[in-house]
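Visitor: Dropping a prediction and its sequence here:
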Amino acid sequence: MSKTLYSSNIMNQFDVIIIGGSYAGLSAAMALGRSLKQTLIIDAGKPCNRQTPHSHNFLTRDGETPKAISAIALEQVMKYESVSFKKGTVVSGSRTNSGYEIVTSNKDVFSTKKLILATGIKDEMPDIPGFAESWGISVIHCPYCHGYEFKTKKTGIFANGDQAFHLAGLVSNLTNELTILTNGDHEFTDEQIAKLEQHSISIVESKLLEIVHQKGAMERIVFKDGNALDLDAMYAHVPFTHHIDLSSKLGYKYTEQGYIEIDAFQKTTVPNIFACGDNSSRMRSVANAVSTGNFAGAMANMELTNENF
């Protein structure tokens, strides 16, 4: 690997700075590196799937660990001479006459013409013992990413209302032993209840007390009323926040669902700022992150080309 930057209080000028160096950010960097654009990746090394043992549904790397996929990607991206990597956390950003200025927690200062936000999101775990420890292992978020590995297993859905109903439809094809855990009074319509009963999907409204597990492998759910339910896996819909929020300084907007607002070309609501990956899409997968990152890099390169040609 080459060109890792170590600097303090100096200005470094780039064509593009990418905040976030996981799948989306690295994919964007590859597109830019192949076009000889001076590109800097800044990454804090805290991907949301760092606890997940295996990643699936991504061609050529199905079943690999997330860390292994990232390591291969970083090695390949860093072969391009115009791409540099800086480990660190971005703490602020501001507009300049020529673009944007980015500052890290180590007080490193970098300037750029274009900015790509590939920062991912941070899942907010409920205060239930065993939940965070099982996240990404047996408490899972996506049937496309993890569902096949738990097919025919005793499965729960930790959600309510429309979100739970949507997941139930996707997961019912994978297992006949499915229970929705609403953690309180259910919010289903009469029509939804009828459909769930038609597919023998039960609903438990008791509040969760604890997830009993062995190194993240779920064994059972214990409820506050003293009852318990044996489960092998549980889908969960949890709220999220952004690792880095520069919207107040840079002016980009969020959607009603909390994602960075983008158009069909990965552009945010602010000129010269793009976003890709989990921070701007409800489809959380390696494949989608790589795809949107590649497109964001290509669009940033196209704008630079149009400005300079």
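Guide: In hand now; what should we look at? Numbering: from 1, shown residues only.

Visitor: Tell me where the stretch 201-309 of the chain has helices.
Guide: For the stretch 201-309 of the chain, the helices defined by DSSP state H, counting those that start in this stretch cover 247-250, 286-308.

Visitor: Buried ones in the longest one, by neighbour count?
Guide: Of all the residues in helix 286-308, those buried under the rule 16 or more other Cβ atoms under 10 Å are 286-301, 303-304. For the C-beta atoms, the positions are set from N, CA and C on the backbone; glycine is no exception.

Visitor: Report the contact partners of residue 216.
Guide: Neighbouring residues of residue 216 by Cβ atoms under 8 Å, 6 or more residues apart in numbering: 51, 133, 134, 135, 136, 137, 138.

Visitor: cool, and residue 147?
Guide: Counted by Cβ under 8 Å, 6+ apart, residue 147 has contacts 140, 170, 171, 174.

Visitor: Could you rerun that using 6 Å?
Guide: Contacts of residue 147 were listed using Cβ atoms under 6 Å, 6 or more residues apart in numbering, and they are residue 174.

Visitor: ranking the contacts of residue 216 by neighbours, who comes first?
Guide: The most neighbours of any of the contacts of residue 216, using other Cβ atoms under 10 Å, belong to residue 138, which has 27 neighbours.

Visitor: how far away is it from residue 232?
Guide: 7 Å (Cβ to Cβ, to the nearest Å).

Visitor: closest one to residue 200 among the helices of the stretch 201-309 of the chain?
Guide: In terms of Cβ to Cβ, the element of these nearest to residue 200 is helix 286-308, at 32.0 Å.

Visitor: Show me what that closest one is packed up against.
Guide: Under the contact criterion of 3 or more Cβ pairs under 6 Å, 6 or more residues apart in numbering; DSSP states H and E, helix 286-308 touches helix 23-33.

Visitor: residues contacting the most centrally placed residue in the chain?
Guide: Compute the mean C-alpha point of the chain, and by Cα atoms, centre = their mean the closest residue is residue 278, 3.8 Å away. Counting by Cβ under 6 Å, 6+ apart, residue 278 touches 120, 121, 284.

Visitor: closest one to residue 38 among the helices of the stretch 201-309 of the chain?
Guide: That would be helix 286-308 among the helices of the stretch 201-309 of the chain, by Cβ to Cβ, at 9.9 Å.

Visitor: What ranges in the chain fall below the confidence cut-off?
Guide: Scanning the chain for pLDDT under 70 picks out 1-11.
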